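Student: below is the sequence, then the predicted model.
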Amino acid sequence: MAKKPYEPPKQKAGGQVFDSIFLLVLVYGALLLPLILGIAAPGTTPIKQTGTPTWESLHQNPTMAQQWKKIGYTPEKAAPIINQRFDYTIDPVGLLITIVVIGAYFFFVLKYSKKEYLEVFEEKFGDNGR
C-alpha cells in the first residue's frame, strides 16, 4: 500500500503575520538590547596626542597625507579620527554564551522537527533512508 506524500502543516494568514512580527521583534530586540542596557563593547580606544599633530606624528606616509588633504583634512582635523583605535578584545564569557545559545537553538529546531524530517526522508528514500 502506497503512502500518501508528505504534506506540511497549513498555517492561517493570521498566524503567519503574528510569526513574522514576532520574529522581527526578536531580531530588533537582540540587536538593540545590548545597546539599551549598555553592555555593548565601546568599540574604540582613543590614543592621547601630545603637542600639535603632524602627518608624521600621526604615522601617515606622504601618500596617506595627500589623500587626507584631498578630502579637506589638516593634521589637526584628522587627528581625532586617526587616533580612534578599534578595540578587538573578545569577551570569552560573551562568546561562550553566544555559542551555547546558538547550539541550544539548533538542538531545539532539530528535536522538534524530527518527526517532519523523518516523514520527508521516508517519502523520498523509503525505510532505507534511516
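Tutor: Yes, it's here.
Student: and the pLDDT for the most centrally placed residue in the chain?
Tutor: With distances taken as C-alpha atoms, centre = their mean, Leu31 lies nearest the centre of the chain, 8.2 Å away. With respect to pLDDT, Leu31 has a value of 89.
Student: any chance you could list what contacts the helix or strand harbouring it?
Tutor: In the assignment (DSSP states H and E), Leu31 maps to helix 13-37. For helix 13-37, contacts defined as C-beta atoms under 8 Å, 6 or more residues apart in numbering pick out Gln11, Ala40. C-beta: built from backbone N, CA, C; applies to glycine.
Student: phi, psi for the closest residue to Thr54 other than its chain neighbours please.
Tutor: Distances taken as C-beta to C-beta, 6 or more residues apart in numbering place Pro75 nearest to Thr54, at 5.3 Å, with adjacent residues excluded. The phi/psi pair for Pro75 (degrees, to the nearest 10) reads phi -60, psi -40.
Student: what's the burial count for Pro75?
Tutor: Close neighbours of Pro75, defined as other C-beta atoms under 10 Å, add up to 19.
Student: and what of Pro34?
Tutor: 13.
Student: from Glu119, how far off is it?
Tutor: 39 Å (C-beta to C-beta, to the nearest Å).
Student: would you map the helices across this protein?
Tutor: 13-37, 62-70, 75-82, 92-125 (DSSP state H).
Student: pull the contacting residues for Lys77.
Tutor: Applying C-beta under 8 Å, 6+ apart, no residues contact Lys77.
Student: let me know the pLDDT of it.
Tutor: At Lys77, pLDDT is 94.
Student: with Leu110 instead?
Tutor: pLDDT at Leu110 comes out at 89.
Student: what is the neighbour count of the residue nearest to it when sequence neighbours are not counted?
Tutor: Spatial nearest neighbour of Leu110, chain neighbours left out: Tyr117 (7.9 Å); criterion: C-beta to C-beta, 6+ apart. When neighbours are counted by other C-beta under 10 Å, Tyr117 registers 10.
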